[in-house]
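Peer 1: Give me the fold of what follows.
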Amino acid sequence: MITQFVEQLPDGKTTPDFTRKPIAITIQEGKSAVFKSIVVGDPTPTVTWSRANGEMFFHPDVCIQKYDAATQEHRLEFPKVAPEDADTYKCYAANKYGRAVCTVVLNVIEGMIHIIHQNGTREGKPMEAGEKVWEILLSAEKKDYEKICAEFGITDFRGMLKKLTEMKKEREEEIAQFITHIRNLKPIEVKDDDCATIELDMDLMDQSSKIFLYKDGVMVPFTKEEGEGMKHSLKQVGKKYIFTIKNLGKDDGGLYSVDVEGVNVFSTDFKVQDVDFAVKIQEVKAEERQDALFQCVLTTPMNEVKWYGKSALLSNSGKHEIIVSEDKLIHKLIVKDCLPLDAGIYAAVAGIKSCNAWLIIKSSENLTISKDGCFHRLKILKITEEDAGKYKFEADGRKTEAEIAVEDPPRFIAEELEAFKNPVTVKKGHKATFNVSFIGREPIKVQWYNEGEELADEGNTKIETSEGSTRLLLLKLQRKDSGEIKIKLKNEFGTAEAISQLNVLDKPTPPMGPLEIVEASSSVIDFKWRPPKDSGGCKIQHYILERQQIGRNTWKKVGPIGPVAQYRDSDVDHGRRYCYRIKVETEMGTSDLMETEDIQAGTKAYPAPPSAPKVVSVFKDCINVTWSPPSDTGGTSILGYNLEKRKKGSNLWGLVNPPNEMIKGSKCAVKDVVEGMEYEFRVSAINNSGAGEYSTPSEFVFARDPKSRWRFENIIELFMIVRAGNSARVNINFEASPWPDVIWLKDGCPVSKKVTISTSEGTSQLLITSAERSDTGIYTIIVKNIVGQEMFSIEIRVTDEPKPPGPVELDENVPGTVTISWAASPDEKRDDRLHYMVTKRDSVKKTWHVVADRIFNNKFTACNIMPGREYKFRVYAKNDMGSSNPSESPKWLIPAKKANTNTSQCPPKFLVPLKLHTAPQGYECYMTCAVKGDPKPHVTWLRNNISLNTNTNYFISNTCGVCSLLILRVGAKDTGEYKVVAESPLGRAESSTKLSVRGMLPPFEFCMMQILQKK
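Peer 2: Presented below is the predicted three-dimensional model:
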């Protein structure tokens, strides 16, 4: 239950609520029990616990309240459950905006005690103080432990609890020999008639078991009947045993113990206070509805005295007020708003002293007291709830009493009950309110139900209950909220219920199938359907219908038709099939539609169209076509087909087969054709109902003999260069009949989705709108038909102007030469056709001229370098798009030297050997090396050990020891091992390398290229 303290919560603030409520526990005595709860709210709520009977006693060994920050759980822990812990507990969560409360029950299962009969009594001797305190603790309540320990000087509380637990266990085992159950142990209590009582409930296994009473360890004699002159007496009423001590005096104080067959079952400490009445209470007379005051004065200050009214212990309440003066000597009792029932004897008890006096009420006419001889009569004319209670009559020391219980069950106020019973009707999304007033004795529990399910004050449900009235508010209602609304009132005297109805209006649900076909003839379709499952709480106004003829795309309205769920359609064609859409319309709107299955008018059912005819072969005087049967035969077998043909450019279709002779199979040889003309064909299937609709037409085809070879027209070049970012477009013209399938491949795989292929009559176009380097490759077109297939390939290279090479360095390896080396262009890895060109300028000529081109590595040796001249070199990166900006070398100067007349001979030696070469097909390849020797050696070039010095396909030079070989157009035939041999009379030296050719064309493309070159 949640109580909100303010009418409207501030933004972001909430009242407390339980996200996890504690769960009821039933547990064996002696086990540990834990209640857990999780609460939310802003600001953070404060959590407290209470119990229905008595106060909570928090102690580490008894009951502990904890909060676990990790799990956000508030816990109430019982380390060792005892029977007295059994109770109903409440958990409160409160902040400044409200309070939430939930209840939970702890049930304790007490162990059964098995009895062993044993006789004997306790040895009668005075008890020591050490023995006395343990006897007191064994029978005391837990809330009194600390006070008892403080009185007897016990400081080890935990040790006391441990020992006390062991003693209780031993005591329980001893008690179990004679008693099955003991409960309701009440400490000694002084009554208002100068006597004290000890009360307890016991279930004796043997009713003849002996019961003994001890005072400070000494047996006290007692009688089992009152009024026999004995000071101590025992009265048994069923299982209740009451010991009474009469004529109380100071010597009656001490520890009283009750034993059964020598086993102590209960002990209570009776302390006699040294106090008496200086002024006793006096008789009080009061008018009805006025207050009455009793007052006494003590000889010794005392915190409180016990007040009794008609032998019942009184306490502060709405009826009685107890007042104590500051000096604790004057004690007052005020009886408020006196009624005749309040009349009687009132007593004050201080220690073992007591005094009493009458309260006399001057009653009204409603209450009369009369006497007729020995008969005394109290008469209440119009009894009310205030008249309920205990009535006592006393005469000459004799007492008798009776109790009046005034039952006041909850009841509804008649006028409001009639209004509540009227049904409430609202539209979807609106709110509904139910109010009702009631009377009856409080507290009255109010419960609201919707269709038997109890409603809670949460979400869109608001329940407000005050004294004598309650209100149910339902917000944002939906159709599913419709139903029976019931209120139930309950108090201790009975229950009352009232019922109303809630109807939430909404648009209806769709009509329901299945259809019931009443008639389906050649001229009429008559059918029924079921009304909607929920009409939305409104009366159906009419149904709206639409109709569609199967095979068409349009729907035709044929309604509304009224509220009857049946329709008769007479506007139908024999054999046709129809489908209907049905909707319901009410005052709240139109439902979603229900679409029916197909309904056929009569028994005719035409077949569906066959597949489009396919041309198998073509000749100048005959065209062979085939087709596939229809998927829907109309429910009967296909008898045959009608085939029609049409010339290109004409609107007229002509029947191929004679009108009365259908084609039995699914193929036909059409011979009525004219050579050179183009034709298309369509076909329809025939069943018992007749011919169905025609198929889609075939493709146009020429009536002529098939060609034995293909022919590509206007063949373009085999190689195309495209700048990155530009479009690449390839148009291929071809001639073929019948019409072929056209397929484009890139490097043997289907082209990507970014490539657009457009094929029309005799032409196919490949388009790359924004070419990238990744689009580089060999693109192949394949055209094929029933005659055969042909293909054509073109290489498309997507590139861009190259970036210049890196820094240029110069070095002299051979006298009279200079070796130029440079860092690769950034584009070298992305473009396998990129190469370099070197230019030179000296201080004499002062003009730039090319000294080397088509260099595929990053080094070149320039010859004829003259001493005394200053040289500069420039290196360019080149590809299919052009040249980059140059990278320029530093200056190079060899100082002029005087001629050296001393010469020394030496055998041939390679200063710079040959390097490995990989060249693109169709490009130049330039191989160089440097050799020295004196006399000058003879140099021979070989490929695969065959001399090349006389082969005119290779350009060979030897300048100042720099040997060069140039291949103008590298091809597959140039691959292999290349070797340079230098020989002189003094010796021989060799240097070898291998040449591989990159991007060699497949055999077909290579042959096509050769053919085109020859053309």
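
Peer 1: is it fair to say Lys162 lies in a helix?
Peer 2: Yes: assessed with DSSP: H, G, I helix; E, B strand; the rest coil, Lys162 lies in a helix.

Peer 1: how close does it sit to Lys80?
Peer 2: Distance of Lys162 to Lys80, computed by Cβ to Cβ, to the nearest Å: 11 Å. Where you see a C-beta, it was placed from the backbone N, CA and C, and this is true even at glycine.

Peer 1: With Thr300 instead?
Peer 2: 41 Å.

Peer 1: try Ser317
Peer 2: Going from Ser317 to Lys80 by Cβ to Cβ gives 36 Å.

Peer 1: ok, now Ser984?
Peer 2: Counting by Cβ to Cβ, the gap from Ser984 to Lys80 is 116 Å.

Peer 1: cool, and Glu141?
Peer 2: Taking Cβ to Cβ, one finds Glu141 at 16 Å from Lys80.

Peer 1: pLDDT at Asp526, what is it?
Peer 2: At Asp526, the model reports a pLDDT of 93.

Peer 1: My read is that it contacts Tyr580, right?
Peer 2: No: Asp526 is not in contact with Tyr580 according to Cβ atoms under 8 Å; the separation is 11.9 Å.

Peer 1: In terms of neighbours, single out the busier of these two.
Peer 2: Under the criterion of other Cβ atoms under 10 Å, the comparison of Asp526 against Tyr580 puts Tyr580 first, with 24 against 16.

Peer 1: Now do the contacts for that one.
Peer 2: Tyr580 makes contact with 527, 545-548, 567, 595-596, 599, according to Cβ atoms under 8 Å, 6 or more residues apart in numbering.

Peer 1: Next one: it from Gly971, what distance?
Peer 2: Going from Tyr580 to Gly971 by Cβ to Cβ gives 77 Å.

Peer 1: what does Val584 give?
Peer 2: For Val584 relative to Gly971 (Cβ to Cβ), the value is 84 Å.

Peer 1: What of Pro10?
Peer 2: 90 Å.

Peer 1: Same question for Val47.
Peer 2: Taking Cβ to Cβ as the measure, Val47 and Gly971 are separated by 94 Å.

Peer 1: Now Thr88: closest residue in space, sequence neighbours ignored.
Peer 2: Take Thr88 and drop its neighbours on the chain: the residue closest to it by Cβ to Cβ, 6 or more residues apart in numbering is Ala52, 4.2 Å away.

Peer 1: What residues does the one you found make contact with?
Peer 2: Contacts of Ala52 by Cβ under 8 Å, 6+ apart are 87-90.

Peer 1: What segments of the stretch 301-450 of the chain are helices?
Peer 2: Taking DSSP state H, counting those that start in this stretch, the helices of the stretch 301-450 of the chain run over residues 414-421.

Peer 1: Show me where it dips below the pLDDT cut-off.
Peer 2: Along the stretch 301-450 of the chain, the parts satisfying pLDDT under 70 run over 363-366, 370-371, 396-397.

Peer 1: could you pull out the strands for it?
Peer 2: Per DSSP state E, counting those that start in this stretch, the stretch 301-450 of the chain carries strands over the ranges 306-309, 312-313, 320-324, 330-335, 344-350, 353-362, 367-372, 375-380, 389-395, 398-404, 411-412, 424-427, 432-439, 445-450.

Peer 1: Tell me where this structure has helices.
Peer 2: 129-139, 145-152, 157-175, 414-421, 1003-1014 (DSSP state H).

Peer 1: Please identify the deepest-packed of these.
Peer 2: Mean neighbour counts were compared across the helices of the chain using mean count of other Cβ atoms under 10 Å; the top stretch is helix 129-139, at a mean of 17.

Peer 1: Using CSV, list the CA coordinates for it.
Peer 2: Once non-C-alpha atoms are left out, helix 129-139 reads as follows in CSV (Å, rounded to 0.1, in the frame of the first residue of the first chain):
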residue,chain,number,x,y,z
ALA,A,129,21.3,-15.6,43.7
GLY,A,130,23.1,-17.4,40.9
GLU,A,131,20.4,-20.0,40.6
LYS,A,132,17.7,-17.4,40.9
VAL,A,133,18.8,-15.3,37.9
TRP,A,134,18.9,-18.3,35.6
GLU,A,135,15.4,-19.3,36.7
ILE,A,136,14.2,-15.8,36.0
LEU,A,137,15.9,-15.7,32.5
LEU,A,138,14.5,-19.1,31.5
SER,A,139,10.9,-17.8,31.8
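
Peer 1: Off-centre distance for it?
Peer 2: Using Cα atoms, centre = their mean, to the nearest Å, the mean C-alpha position of helix 129-139 is found 62 Å from that of the whole chain.

Peer 1: Specify the angle between it and helix 145-152 in degrees.
Peer 2: With axes from the mean of the first three to the mean of the last three Cα atoms, to 10 degrees defining the directions, helix 129-139 sits at 170 degrees from helix 145-152.

Peer 1: What is helix 129-139 packed up against?
Peer 2: If you count contacts as 3 or more Cβ pairs under 8 Å, 6 or more residues apart in numbering; DSSP states H and E, helix 129-139 packs onto helix 145-152, helix 157-175, strand 254-260, strand 263-270.

Peer 1: Ok, which of the ones you listed comes nearest Ile540?
Peer 2: Closest of those to Ile540 is helix 157-175, at 76.2 Å (criterion: Cβ to Cβ).

Peer 1: List the contacts of that closest one.
Peer 2: Contacts for helix 157-175 (Cβ under 8 Å, 6+ apart): 59-62, 80, 113, 134, 137-138, 145-146, 149, 154, 182, 260, 263-265.
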